[in-house]
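Undergrad: Structure of the sequence below:
(2 chains)
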Amino acid sequence: MSLSSICCGNFHLLRNSIGDTCSIRWLKYHSRLIYETFLSSRRHQSRPLSTTVLARSTRKGSKQSFSNSRHLHGKSVESSIEVFKQSELEQLKSLHCYNVEEEFSGVKTEWPATILVFDIETTGFSRREDRIIEFAVRDLMGGKNSTFQTLINPEKEVRNAYVHGISNSMLCRPDVPRFGELVPILLQYVWSRQMDGKPVLWVAHNGRSFDVPFLIFEFRRCKLEMPGDWLFVDTLPIARQLVDSDGSKLSSVSLKNLRERYNIPLTGSAHRAMQDVTTLCYVLQKLTFELKLTVPQLLEKSFQASDLPATRAEK
DNA sequence: GGCCCTCTTTAGGGCCTT
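TA: Okay, the predicted model is just below:
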């Protein structure tokens, strides 16, 4: 299975899903029972959800005890949040690619994992001192409700609004959830996208050093562990494999530079989570195509939360 | 903080994330 064909398929679908975002109110309304099921399954299990043993069994395709709970509310969620302007949509449409193999064969691609590209905005760089204030994710499978985003009340002052434009007044509102309140909603979203017996592959730029540790610490503050079938891929070390036409390595592999390298238009404010997610989706497509990376190879590069030093001991 | 590179490895600077 070539990643290029899958990515082309992804972005064919992505074209149709931009602006099609889950309503957090809907998810909030339906997440309570799901969350209770999650907690219940944890109680019935004699080990945490994110143990290595459990994850290994998941990689082989076995089901986890909670994997079917998403079917309790398996109906589609409504869309209510407009993310992009029409002019911006037109720009992105110009980048769309077709899954040629799928178009000709008529056979649906067998996905080895649910691939979720995500990004966070935070109050700073310290995973211990700072908090997540925005979370956005896009399922590369595309389709209805393939994206999800929300602001998060960090319960502390935001002093870096000059970076992302997210101010205290935007976060200190009754309709903005704290991270602990978001967890059941996020789990509901992920389960609604996850395929039976297959892992979830989260993709982020510099995720290994930044996004994933932040998530781990937020889960830890809620006294929860991430599901064991959540795998992560960092696009930063992958991008470092790129070379220029003269064979030299790139001087910068920041998301901004990669976007400019691939002529990807900026469709909103940089340093807002969903904007960066959209950029990374296109960068991932171009990156894997250029490096001829397959999905299995991408999975081989994945890591688990428990693999990170930050999860093994407090520093 | 983790990773990479080099004027390196008994180290230090820069990148990348907000």
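
Undergrad: ok, how many other residues are close to A:Glu290?
TA: 15 (other Cβ atoms under 10 Å). (Each C-beta comes from the backbone N, C-alpha and C, glycine too.)

Undergrad: Not counting sequence-adjacent ones, nearest residue to it?
TA: A:Leu242 (6.7 Å; Cβ to Cβ, 6 or more residues apart in numbering).

Undergrad: Just the pLDDT at that neighbour, thanks.
TA: As predicted, A:Leu242 sits at a pLDDT of 90.

Undergrad: List the contacts of it.
TA: A:Leu242 makes contact with A:Lys249, A:Leu250, A:Val253, A:Leu287, A:Glu290, A:Leu291 under the criterion Cβ atoms under 8 Å, 6 or more residues apart in numbering.

Undergrad: ok, it to A:Arg128 distance?
TA: The spacing between A:Leu242 and A:Arg128, counted by Cβ to Cβ, to the nearest Å, is 32 Å.

Undergrad: what about A:Leu293, distance to A:Gly268?
TA: 28 Å.

Undergrad: Tell me which of the two has more neighbours.
TA: The neighbour comparison of A:Leu293 against A:Gly268 (other Cβ under 10 Å) goes to A:Leu293, with 20 against 15.

Undergrad: The more buried one is in what secondary structure piece?
TA: Secondary structure assignment for A:Leu293, by DSSP states H and E: no helix or strand.

Undergrad: Backbone dihedrals for it, please?
TA: In terms of degrees, to the nearest 10, the main-chain angles of A:Leu293 are phi -90, psi 130.

Undergrad: hey, where'd the strands end up in the stretch 51-200 of chain A?
TA: The residue ranges that make up the strands of the stretch 51-200 of chain A, judged by DSSP state E, counting those that start in this stretch, are A:79-81, A:114-122, A:132-139, A:147-151, A:200-204.

Undergrad: Does anything pack onto the fourth one? Which helices or strands?
TA: Applying 3 or more Cβ pairs under 8 Å, 6 or more residues apart in numbering; DSSP states H and E, we find strand A:147-151 packed against strand A:21-22, helix A:24-44, strand A:132-139, helix A:179-193, helix A:273-290.

Undergrad: beta partners for the closest residue to A:Tyr189 other than its chain neighbours?
TA: The shortest distance from A:Tyr189 to any residue that is not its chain neighbour, by Cβ to Cβ, 6+ apart, is 4.8 Å, and that residue is A:Phe148. Counting by DSSP bridges, A:Phe148 forms beta bridges with A:Val137.

Undergrad: Distance check, A:Phe148 against A:Val163.
TA: A:Phe148 sits 22 Å away from A:Val163, taking Cβ to Cβ as the criterion.

Undergrad: Comparing these two, which residue is more hemmed in?
TA: Relative neighbour count places A:Phe148 above the other of A:Phe148 and A:Val163, with 28 against 14, counting by other Cβ under 10 Å.

Undergrad: per-residue pLDDT, that one?
TA: In this prediction, A:Phe148 carries a pLDDT score of 93.

Undergrad: again, but for the one 4 residues further on
TA: Among the per-residue scores, A:Ile152 shows a pLDDT of 96.

Undergrad: Tell me who's in contact with it.
TA: Each residue near A:Ile152 by Cβ under 8 Å, 6+ apart is listed here: A:Arg131, A:Ile132, A:Ile133, A:Glu134, A:Phe135, A:Leu171, A:Val176, A:Pro177, A:Arg178, A:Phe179, A:Leu182.

Undergrad: now the residues you listed as JSON lines including neighbour count, distance to A:Arg159 and pLDDT?
TA: Compiled in JSON lines, the contacts of A:Ile152 are given as follows (neighbours: other Cβ atoms under 10 Å; distance: Cβ to Cβ, whole Å; pLDDT from 0 to 100):
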{"residue": "A:Arg131", "neighbour count": "23", "distance to A:Arg159": "12", "pLDDT": "96"}
{"residue": "A:Ile132", "neighbour count": "21", "distance to A:Arg159": "15", "pLDDT": "97"}
{"residue": "A:Ile133", "neighbour count": "26", "distance to A:Arg159": "11", "pLDDT": "97"}
{"residue": "A:Glu134", "neighbour count": "23", "distance to A:Arg159": "15", "pLDDT": "97"}
{"residue": "A:Phe135", "neighbour count": "24", "distance to A:Arg159": "20", "pLDDT": "97"}
{"residue": "A:Leu171", "neighbour count": "22", "distance to A:Arg159": "12", "pLDDT": "95"}
{"residue": "A:Val176", "neighbour count": "18", "distance to A:Arg159": "18", "pLDDT": "95"}
{"residue": "A:Pro177", "neighbour count": "19", "distance to A:Arg159": "21", "pLDDT": "96"}
{"residue": "A:Arg178", "neighbour count": "16", "distance to A:Arg159": "19", "pLDDT": "96"}
{"residue": "A:Phe179", "neighbour count": "21", "distance to A:Arg159": "18", "pLDDT": "96"}
{"residue": "A:Leu182", "neighbour count": "24", "distance to A:Arg159": "22", "pLDDT": "95"}
